[in-house]
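Peer 1: Fold the following, please.
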Amino acid sequence: WKRFKEDSADMLRHVQLWRTSIHEVEGRFGNGIRSYFAFLRWLFILNIYIFLLMFVFVCVPTVAFESLVHSGVNISSNSLNGNNVSAECAYNPYDPNAVNSFSQYVIWFFTGQGFMEKTLLFYGYYSNSATTIFSDGFLFYYDIPLAYLMVAFFYFLLTLVLLVRRAGAGLKESLLSNEDRFYTYCNKVFCGWDFCITDDHSAELKHSSLKYELQTDLEEERIRLRQSSRTSKEKWILYTKRFFINLVVVGILVASLVAIFYAAQYALGNGDTFNNNFMLDLIVTYLTSIVITVANFIAPLIFGFLIIYEDYSPAFTIKFTLIRTVFLRLASVVFLYVVVYLQINCKIRPNCTFCEGVELKTYKCWETYLGQEMYKLTIMDFFIVLAVTLFVEFPRKLIVENCSCGLAKWWGQQEFSIPENVLDIVYAQTIGWIGAFYAPLLPVIVVVKFFIFFYLKKLSLTYNCRPATRPYRASRSGTFFYIILLVGFVVAAFPVVVSVAILEPSKDCGPFRGWTTMFYAITASIQTQPGWLQSILWFVGSPGFAIIIGVLLCLALYYFVALRTAHKKMISLLRDQLTLEGKDKQFLLSRVTKLTKELQD
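Peer 2: Model prediction:
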């Protein structure tokens with residue numbers, strides 16, 4: 001069985017997506033940049049899972065039940081909650097008779113408004129009905145609202161499990177690599193070569209990879225020695241510089257968030273005011289996305305320039321830049337959600353125009369509006385990355401190679417910025433997680449986006465970039481990528497949880513129309529079950545059950561902490577034994593050498 005698992009794992013590695021491309025990147029640019037492309041591949045596959053869940057369990061049943069209504073199948077579809085709303089609160093986003101320009105359709109396509117709101121892409125299209133099919137003695141019951149909510153819960157749970165597992169595996173590898181640097185050198189020098197390599201190209205890539213890893217280790221050791229030899233005056237000057245640089249960083253973050261806040265407020269108040277000017281309409285509709293994207297593009301460049309003067313190690317440079325940039329990018333998404341919440345929640349706003357509930361008359365389907373914002377951010381982010389790669393990175397390479405002026409030499413050939421590129425895909429994935437709830441087909445757009453990103457970034461890396469002057473260790477930076485992604489996951493889950501548990505759904509759109517909260521879909525489903533099953537489900541959802549689970553988790557945590565402590569002591573003991581055995585062998589070897597000389601004499 002063990003041999004079968006090893007053979008299966010080896011076979012899967014050989015058919016792994018983009019395996020050859022990632023090995024080429026590793027050979028030319030090292031493990032640090034390879035970890036970025038492996039990270040992108042993991043997110044690409046994750047979004048395929050999310051898309052399949054939403055498509056199979058939400059989109060396909062919706063389309064199938066609509067088509068069966070017009071067929072001869074005995075089907076009944078009953079609304080699970082009331083749809084009695086006033087005329088002024090009715091949700092009618094698209095009137096084809098009122099549109100007489102092609103530019104209007106173009107705007108709607110890129111903003112998700114108009115006819116796009118009446119498609120499977122957005123939340124408002126889905127019905128609030130449970131469907132029962134009778135055919136030849138066959139009975140099939142499907143609850144669209146419950147399926148919608150459970151699929152969202154499951155894709156968040158699946159993502160969390162896979163993410164924690166991946167981060168844990170990377171953390172374990174990182175800790176092992178940090179145990180003893182001397183053993184790391186020995187392992188790479190004496191055991192690093194793969195003797196199964198048979199072709200010259202693979203051998204060259206492996207040789208380059210080992211060379212780059214040794215350069216990384218030696219560079220980190222050199223930086224560590226330089227840091228330990230700093231005088232008190234040098235430390236004082238360095239800490240002063242870091243203090244003022246951090247003040248500048250905080251100022252940039254605050255200014256960016258204030259700009260995003262006011263841009264979102266302006267777009268909310270003027271987003272539906274068309275002035276028969278194509279470009280003006282598009283800019284006003286995209287204003288929030290433009291401000292967020294510009295802030296996310298300019299601020300990391302400033303952060304990357306400033307951190308050079310803070311003199312950190314390569315690994316910490318990546319981490320600190322990621323922390324600063326991820327705060328800006330994820331906070332911008334949270335700010336957008338807060339602005340929308342303040343606009344739709346009439347309970348906390350004076351002089352609010354009610355529409356039989358919490359939302360404004362202007363936004364009768366606020367869930368679809370949030371989906372539109374995520375849709376616009378996804379599109380804007382894609383075009384910005386595409387434009388920077390094609391119209392900045394490629395021309396820069398041509399200018400540096402063909403121009404001998406001082407400015408071109410100062411600019412120099414670019415390096416592949418790991419923090420900036422990682423934040424691009426973490427930001428895109430965070431938007432994708434949020435958007436998947438309000439725009440169920442958004443994950444397929446993210447899949448296509450990441451597919452193009454992979455080849456675009458690989459092409460730019462190959463033709464435009466040179467190997468980094470400060471090497472990065474993959475085991476550390478790769479683990480930190482998943483930790484940053486975990487932060488993005490929490491940021492994405494927060495607005496969805498608030499929407500499900502607290503906010504009142506829109507009155508005339510989506511699968512939860514007419515209910516006080518979206519979570520009531522689960523409560524209503526439990527009430528239709530047999531009495532004994534209701535008792536079990538209510539107990540599982542009670543605080544008492546949560547306390548029991550919490551106690552069990554604490555006991556399990558205590559057990560594993562104790563086990564870890566015991567293993568750590570055993571590892572230390574075994575390491576001491578190995579050291580003593582090495583000394584014994586040295587002593588015996590010296591005695592044998594001495595006796596041999598005495599016998600020869």
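Peer 1: quick one: contacts for F451?
Peer 2: Residues in contact with F451 (C-beta atoms under 8 Å, 6 or more residues apart in numbering) are F44. C-betas here are computed from N, CA, C, even on glycine.
Peer 1: rerun at 10 Å
Peer 2: Neighbouring residues of F451 by C-beta atoms under 10 Å, 6 or more residues apart in numbering: W18, L40, F44, N47, I48.
Peer 1: give me the number of residues near the residue lying closest to Q372 once chain neighbours are set aside?
Peer 2: Leaving aside its sequence neighbours, Q372 sits nearest to G112 (C-beta to C-beta, 6 or more residues apart in numbering; 3.9 Å). Number of residues near G112 (other C-beta atoms under 10 Å) recorded here: 24.
Peer 1: need the strands for the chain, in chain order.
Peer 2: 74-79, 129-135, 138-143 (DSSP state E).
Peer 1: Which of the contacts of F451 fall in helices?
Peer 2: L40, F44, N47, I48 (DSSP state H).
Peer 1: from what I can see the first one touches I452, true?
Peer 2: No. Proximity of L40 to I452 does not meet the contact threshold set by C-beta atoms under 10 Å, at 11.0 Å.
Peer 1: which one of the two has more residues nearby?
Peer 2: Counted by other C-beta under 10 Å, L40 and I452 do not tie: L40 has more neighbours, with 23 against 13.
Peer 1: OK, contacts around the more buried one?
Peer 2: By C-beta under 10 Å, 6+ apart, L40 lies in contact with 18, 22, 421-422, 424-425, 429, 450-451, 453-454, 457-458, 481.
Peer 1: And the pLDDT at it?
Peer 2: Here the pLDDT value assigned to L40 is 90.
Peer 1: tell me the domain boundaries of this structure?
Peer 2: Per the record, the chain has its domains at 23-57+148-179+231-531, 542-600, by automatic domain parsing.
Peer 1: export the ones you listed to a markdown table and tack on distance to V106?
Peer 2: Shown next, in a markdown table, are the domains of the chain (distance: least, C-beta to C-beta, whole Å):
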| stretch | distance to V106 |
| --- | --- |
| domain 23-57+148-179+231-531 | 7 |
| domain 542-600 | 51 |
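Peer 1: Go through these and pick out the most buried.
Peer 2: Most buried of the domains of the chain, by mean neighbour count (mean count of other C-beta atoms under 10 Å): domain 23-57+148-179+231-531, with a mean of 18.
Peer 1: Compute the first-to-last residue distance for it.
Peer 2: Its start and end residues considered, domain 23-57+148-179+231-531 measures 58 Å (C-alpha to C-alpha, to the nearest Å).
Peer 1: and if you look at stretch 107-119?
Peer 2: Taking C-alpha to C-alpha, stretch 107-119 runs 16 Å from one end to the other.
Peer 1: Quick one: the helices in the stretch 51-200 of the chain, in order.
Peer 2: Secondary structure of the stretch 51-200 of the chain (DSSP state H, counting those that start in this stretch): helices located at 60-69, 102-111, 144-177, 181-191, 200-228.
Peer 1: The first one packs against which elements?
Peer 2: Packing contacts for helix 60-69, counted by 3 or more C-beta pairs under 10 Å, 6 or more residues apart in numbering; DSSP states H and E, involve strand 74-79, strand 129-135, strand 138-143, helix 144-177.
Peer 1: Partner strands of the second one and their direction?
Peer 2: Using DSSP bridges, the neighbouring strands of strand 129-135 in the sheet come out as strand 74-79 (antiparallel), strand 138-143 (antiparallel).
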